[in-house]
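[1] what's the 3D shape of this:
(chains A and B)
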Number of protein chains: 2
Amino acid sequence: MDNPPRTDRNKVRRLPKRAHYDMETIYRIVDEALVCDVGFAEGEQPFVIPTLHARVGDTLYFHGAPASRLIRHMAAGHPVCVAFTLLDGLVFARSAFHHSVNYRSTVLFGAGRLVESDEERLAALEALTEHLAPGRWAEVRPPNGAEMNATAVIALAIESASAKVRTGPPSDDDADYALPIWAGVLPLGLRAQPPVNDPKLRTDIDAPGYILRYTRGENAP
Amino acid sequence: MDNPPRTDRNKVRRLPKRAHYDMETIYRIVDEALVCDVGFAEGEQPFVIPTLHARVGDTLYFHGAPASRLIRHMAAGHPVCVAFTLLDGLVFARSAFHHSVNYRSTVLFGAGRLVESDEERLAALEALTEHLAPGRWAEVRPPNGAEMNATAVIALAIESASAKVRTGPPSDDDADYALPIWAGVLPLGLRAQPPVNDPKLRTDIDAPGYILRYTRGENAP
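    Model (predicted):
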């Protein structure tokens, strides 16, 4: 999609120098994040539910049990807000006030649609599986009829979005640089440990390369 | 606080065997999470904003610029929902359908209050700094008058909460265990890399032990 216009809904108000509105930056965050948080409102009451997602072009896909509150809400076309946050580091300044975190976050706005066609539903489930680990879909048993019936797929067309990014060292007040206090960044990243085989795994099967060499994102430790 | 009653708002509907309602489990997730996602609604439109938090007893604290949308909304006492998600692993089943993630998540409900007293504001800022790295507050320059004026602190009394936790190996259909497909868990955790000194750091200062030996959570790699 074209880069979204800045409206009252997506405009970053605090620290606007950290704001980004280009879809390339936004989609890179969406694609790296393994989970997201979907916000919706029932009357005055807001809800936030963490869930898995996948992106195909300008569409986000979610899946779940047809009876779930989140799925039913999105299927009804109500407005939702989806947040993705990647934490890249803790920023330690000399003053308490200038402590911060390095992060890449994005917030998307749109309305859901229940996917009806089996072709689009299957493509979405493939994208959701591939989002966890590229290469996985080709190896697994695909969904059967009963499983397809037990799975609702929601498509969300992205109407509006913004990203916010902080990088780099702390920024202290001029007078504070002379203080005898350590300052710097502690980089953080999501790290995969060696895989743990299913206790019921056949003894003649090893973990595939995309599992053994799994990394996620530019800052993977 | 006492463990919350199950109401329409906090009841876990999907996979209720993963649900937890004891505050010890809930607070352990809150305390390990470095960031959270605050959901709120303006009319029909939901918003989700990632932010830092700290817990003192049964109160959550947030801080920000007094003019921020999130701070103003919480200061007005509107209902909010705060989600915390810790991702512990990817769960690879033999069937696409049974793929999952291991996680610990909690959702809290309450309404905000603008903190007026300087004593409570300062205690909250201490908690927010200590939440990032225990031991930090005692070393840094505390907030001055101008910084206190530029910082709004919000307290959220927790009215209702629930947690959802998945652990362990994949669960496949009986017939699928014979398939020649690798299955298991890829553990994930937030890992700190070696600290990066501020380029403007005085040359006679080393990173303190709580930075050099930083870990977060039970599953830290």
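[2] so what's the residue sitting furthest away from the middle of chain A closest to, chain neighbours aside?
    Computed with CA atoms, centre = their mean, the maximum C-alpha offset from the centroid of chain A is found at A:A178, amounting to 39.8 Å. In space, A:A178 comes closest to B:R202 once its chain neighbours are excluded; the distance is 7.6 Å by CB to CB, 6 or more residues apart in numbering or on different chains. From N, CA and C alone the C-beta is placed, and that goes for glycine too.
[3] The one you found is in contact with A:P180, isn't it?
    Yes - counting by CB atoms under 8 Å, B:R202 touches A:P180, with 6.8 Å between them.
[4] show me where chain A has helices.
    With DSSP state H as the criterion, chain A has helices at A:23-32, A:69-75, A:118-132, A:145-149, A:209-212.
[5] Of those helices, which is nearest chain B?
    Counting by CB to the nearest CB, chain B lies closest to helix A:145-149 out of those; the figure is 4.2 Å.
[6] of B:R202 and A:P180, who's got more company?
    B:R202 (15 against 9; other CB atoms under 10 Å in any protein chain shown).
[7] Tell me how far that one lies from A:A183.
    Look at B:R202 and A:A183: by CB to CB, to the nearest Å, they are 9 Å apart.
[8] What score does A:G57 have for pLDDT?
    What the model reports as pLDDT for A:G57 is 94.
[9] Look up phi and psi at it.
    Main-chain torsions, A:G57, degrees, to the nearest 10: phi 60, psi -130.
[10] what separates stretch A:79-91 from the chain centre, distance-wise?
    7 Å (CA atoms, centre = their mean, to the nearest Å).
[11] for that stretch, what is the average pLDDT?
    The model assigns stretch A:79-91 a mean pLDDT of 97.
[12] and that stretch, anywhere near chain B?
    Yes - remark: stretch A:79-91 sits within contact range of chain B at A:P79, A:V80, A:C81, A:V82, A:A83, A:T85, A:L87, A:L90, by CB under 8 Å from any CB of the partner chain.
[13] Same question for stretch A:154-165.
    No - Stretch A:154-165 lies out of reach of chain B by CB under 8 Å from any CB, never closer than 8.6 Å.
[14] buried residues in that stretch?
    Buried residues in stretch A:154-165, counted by 16 or more other CB atoms under 10 Å in any protein chain shown: A:I154, A:A155, A:L156, A:I158, A:E159, A:S160, A:A161, A:S162, A:A163, A:K164, A:V165.
[15] how much space between the closest residue to the fifth one other than its chain neighbours and B:Q45?
    Excluding its sequence neighbours, the residue lying closest to A:E159 (CB to CB, 6+ apart) is A:G110, at 4.6 Å. Taken as CB to CB, the spacing of A:G110 relative to B:Q45 amounts to 11 Å.
[16] Deepest-packed of the helices of chain A, please.
    Burial of those is given as mean neighbour count (mean count of other CB atoms under 10 Å in any protein chain shown); helix A:69-75 ranks first at a mean of 20.
[17] That one: how far from the chain's middle?
    19 Å.
[18] what's that helix packed up against?
    Other helices and strands packing on helix A:69-75, by 3 or more CB pairs under 8 Å, 6 or more residues apart in numbering or on different chains; DSSP states H and E, are strand A:35-42, strand A:45-52, strand A:59-64, strand A:100-114, strand A:152-166.
[19] Format these as JSON lines; extra columns: distance to B:D37.
    Formatted as JSON lines, the helices and strands packed on helix A:69-75 follow (distance: least, CB to CB, whole Å):
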{"stretch": "strand A:35-42", "distance to B:D37": "4"}
{"stretch": "strand A:45-52", "distance to B:D37": "5"}
{"stretch": "strand A:59-64", "distance to B:D37": "16"}
{"stretch": "strand A:100-114", "distance to B:D37": "9"}
{"stretch": "strand A:152-166", "distance to B:D37": "13"}
